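> After the sequence you'll find the predicted model.
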Amino acid sequence: MEGLALAELAATYHSMGESQRAVDSGRAALEMHKITGRRLAEGRTIMLLGSVFHSNGDSMSAEIHWSRALAILVALQVPDAEDARLLLRMIKEKGIL
């Protein structure tokens, strides 16, 4: 539960434009997800971190995170994988990299 709460906190910070706090909370959430084996929550948190980096203009870090999330979400066979695919396609089509 702590990992999920930290991920929600990261999302809140991201929506408030507090990027460093979002990253810090997201990374803490990831650690908890890894400890507890919550792979879906891990994938979703990595997606969130990619969005934070993208919002800050760090397209390379965004792509790395979205690619990692995609691998997890595909392995879990969940619909969230399509979101990661779309984000990666968007970043490549816009030539942001």
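Looks like it came in fine. Numbering: from 1, shown residues only.
> What are the buried residues along stretch 80-97?
For stretch 80-97, a neighbour-count test (16 or more other CB atoms under 10 Å) marks Asp80, Ala81, Asp83, Ala84, Leu87, Leu88, Ile91 as buried. All C-beta atoms are positioned from the backbone trio N, CA, C, and that covers glycine.
> Among those residues, which lie within helices?
Asp80, Ala81, Asp83, Ala84, Leu87, Leu88, Ile91 (DSSP state H).
> residues in contact with the fifth one?
Right, the one you point to is Leu87. Met47, Gly50, Ser51, His54, Ala62, Trp66 (CB atoms under 8 Å, 6 or more residues apart in numbering).
> Tabulate those residues (CSV), appending distance to Leu6 and pLDDT.
Below are the contacts of Leu87 laid out as CSV (distance: CB to CB, whole Å; pLDDT from 0 to 100):
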residue, distance to Leu6, pLDDT
Met47, 15, 97
Gly50, 17, 97
Ser51, 16, 96
His54, 20, 95
Ala62, 20, 95
Trp66, 20, 97
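> Narrow those to those in helices?
Met47, Gly50, Ser51, His54, Ala62, Trp66.
> Surely the fifth one and Phe53 touch.
Yes. Assessed by CB atoms under 8 Å, Ala62 is found in contact with Phe53 at 4.4 Å.
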